[in-house]
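Q: sequence unknown, structure follows:
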């Protein structure tokens, strides 16, 4: 499950993920079996005019139960 953080990733969120979900990937965007979660910046189009798209930080947690726990805690 991918969670978007339009206001930025909350302080302490990454530490919580390492402690409660497991090993994560913060450096490169690819899905690998060794990671329980990964960070990604997703490009979003701006609906008004010719403005440049903006980027939203996201975190994807692979396990559905842990993803639900993550969403309840951090969104």
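A: Sure, I can see it. The structure displayed is predicted, hence computed values, not measured ones. Residues are numbered from 1 along each chain as shown.
Q: tell me, how many neighbours does the nearest residue to residue 13 once chain neighbours are set aside end up with?
A: Nearest in space to residue 13, with sequence neighbours left out and distances taken as Cβ to Cβ, 6 or more residues apart in numbering, is residue 74 at 5.5 Å. C-beta coordinates here come from the backbone N, C-alpha and C atoms, glycine included. Counted with other Cβ atoms under 10 Å, the neighbours of residue 74 add up to 16.
Q: Same question for residue 67.
A: 19.
Q: just checking, what packs against the helix or strand containing it?
A: Using DSSP states H and E, residue 67 sits within helix 64-74. Contacts defined by 3 or more Cβ pairs under 8 Å, 6 or more residues apart in numbering; DSSP states H and E place helix 64-74 against strand 2-4, helix 13-20, strand 54-61.
Q: So which of the ones you listed is the most surrounded?
A: Highest mean neighbour count of those: strand 54-61, a mean of 17 (counted as mean count of other Cβ atoms under 10 Å).
Q: and it, how far from the chain's centre?
A: Offset of strand 54-61 from its chain centre (Cα atoms, centre = their mean, to the nearest Å): 4 Å.
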